[in-house]
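*Asks:* fold the following for me, if possible:
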Amino acid sequence: MEAKKNNRMRIGRLFLLLEAVLLCFLGGFYFACGDGLYVRRSAGTVEPFSGNLDTGELTAGRTVEQLYTSQMDRIEKLGVMVSDYGRTSGSVLRIRLEDVTAACVIAQSEFPVNELGSGQYLYVEPAGGYEIGRGHKVKITVSCDGEPKSAPTVYYNSVNMLEHPGVAVGAQLKIQGEDVPGTLCFTVQGLDYVWTGPNYWKLVLFFAAAAALMFWTAAVRYLSGRREYLFSTASAMQKYRFLIGQLVSRDFKVRYKRSVLGIFWSFLNPLLMMIVQYLVFSQLFRSDIDNYPVYLLSGLVVFNFFTEGVNQALTSVVGNAALISKVYMPKYVYPVTRVLSSGINLLMSLIPLMLAAALTREPFTKAYLMLPYFLLCLVGFTIGVGMLLGALMVFFRDIQFLWGILSMLWMYLTPLFYPLQIIPAGMRHLFAYNPMLYFVNAVRTIVMEGITPQPAVFFRCAVITLGALLLGGLVFRKAQDKFIFYL
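*Replies:* You can find the predicted model right below:
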């Protein structure tokens, strides 16, 4: 009776601790995201692009019109590329932005031609932004009262430069009322509204209640002696914590045994790989990626940990055959400790990444508070894949060779050293099935943009991690009783 009472008290304290941790995380998430929970840079943003033709002189009465379909919730500013031909003129260029669907003027501005340059974007900014419905037709009109040989021009491209469906296709560009194939050189920047912000604290209550329900369900099963995984795993970790610590320490020390530089290789290795790949790929992708060194290093740090952790877990059971036959301990501890020892390398490899970010003046913002979340998800995903392959390795030794080929293919299918934009638009949706892409992009968003990823990314990473742990755990548990016959 006394033992059961003590168990209940321990479970109660653990429940309060876990709920406090969850609420602290959700509170920190709200603080780190800030306005990002309410608005985000629009996915329908039209990036600036160059033109290969000009519309000719915008003399009095001559107009250029571009019709496009808005894919954002709020327009912040719009720019059009113009040139003054290097001439002096007292004329005025006008840019007018209209919401055709709502039949209203969004904004309009005038620019003295004398102040223009060559290939310059002129921006029109609606006061306070303009809330627009997605799918609304927007018309850009450019005109000028200039005289011949002193009027400016507007640039356009002879092909469709945009990938958003229906944004700028064929005859939507008109010069002096006539349809012209191509796209006006324009850019639109704006925001999308995120539903998470207004509903955030409702979500907090939901997750807190769901966590409490799952916890108490597991507690009831544990106290009644029925099978459950939360408390049994925690109990095993507590019981064998000394041996687990020794295994992690051993795996880490063996890796650098008789090495002159020792653990210095943990952050020297990703740095050297970044330098080599930077020299190889920078000439190909440098113009397409801002701050290419940090872009490359952030991807390498994440993916190198994953491949290293899986490689270590792959041979964890086979490599500990002598220990397994002599000492009883839950067998999943072996792949877990291998991944955790690689986690030490992950933490140390973050040092050159942070140094590179500081040297290139990337912003260190409160978004970094969410970096541990994605690193923990990455560790969990690696453990799941490691347990799966580690179990299969006992029965099929060819797994280690197949994994070597698969991991190399996986690396090239993850945008580590190239931008995703170089992939044909029709094939990009296939990259959504690459789980490592979410971890890499999440770290890059925090380090390079100084903002937290969208809430959906947090959810996807959690689902990917739980899915990998569930699959790896089930396969490992199903096969572990047969290990002894194949070791």
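*Asks:* neighbours around Pro198, how many?
*Replies:* Using other Cβ atoms under 10 Å, Pro198 has 11 neighbouring residues. The way it works is simple: take the backbone N, C-alpha and C, and place the C-beta from them, glycine included.
*Asks:* typo on my end, His136
*Replies:* By the criterion of other Cβ under 10 Å, His136 has 17 neighbours.
*Asks:* next, count neighbours for the residue nearest to it when sequence neighbours are not counted.
*Replies:* Of all residues not flanking His136 in the chain, Thr101 sits nearest, at 4.0 Å (Cβ to Cβ, 6 or more residues apart in numbering). A total of 14 residues lie near Thr101 under the criterion other Cβ under 10 Å.
*Asks:* could you do Arg477 as well?
*Replies:* Residues near Arg477, counting by other Cβ under 10 Å, number 15.
*Asks:* if you count neighbours, what's buried in stretch 471-480?
*Replies:* Neighbour counts over stretch 471-480 (16 or more other Cβ atoms under 10 Å) mark Gly472, Gly473, Val475, Phe476, Ala479, Gln480 as buried.
*Asks:* touching it from outside, list them.
*Replies:* Stretch 471-480 is contacted from outside by 229, 331-332, 335, 383-388, 390-392, 394-395, using Cβ atoms under 8 Å, 6 or more residues apart in numbering.
*Asks:* sort out which of those residues are in helices and list them.
*Replies:* Pro335, Ile383, Gly384, Val385, Gly386, Met387, Leu388, Gly390, Ala391, Leu392, Val394, Phe395 (DSSP state H).
*Asks:* hmm, the fifth one is touching Thr307, no?
*Replies:* Read that as Gly386. No: using Cβ atoms under 8 Å, Gly386 is not in contact with Thr307, being 10.7 Å away.
*Asks:* of the two, which one has the most company?
*Replies:* Gly386 (29 against 18).
*Asks:* excluding chain neighbours, what is closest to Pro212?
*Replies:* Actually, residue 212 is Ala rather than Pro. The nearest residue in space to Ala212 (Cβ to Cβ, 6+ apart) is Glu19, at 6.7 Å.
*Asks:* which ones are touching the one you found?
*Replies:* Listed by Cβ under 8 Å, 6+ apart, the contact set of Glu19 reads Ala208, Ala211, Ala212.
*Asks:* and the one helix or strand the last one maps to, what does it pack onto?
*Replies:* Yep, that's Ala212 we're talking about. With secondary structure defined by DSSP states H and E, Ala212 is part of helix 200-223. The contact analysis (3 or more Cβ pairs under 8 Å, 6 or more residues apart in numbering; DSSP states H and E) places helix 200-223 against helix 2-33, helix 230-239.
*Asks:* dump those helices into TSV; add distance to Val276 and mean pLDDT as well.
*Replies:* Formatted as TSV, the helices and strands packed on helix 200-223 follow (distance: least, Cβ to Cβ, whole Å; pLDDT from 0 to 100):
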stretch	distance to Val276	mean pLDDT
helix 2-33	34	75
helix 230-239	39	71
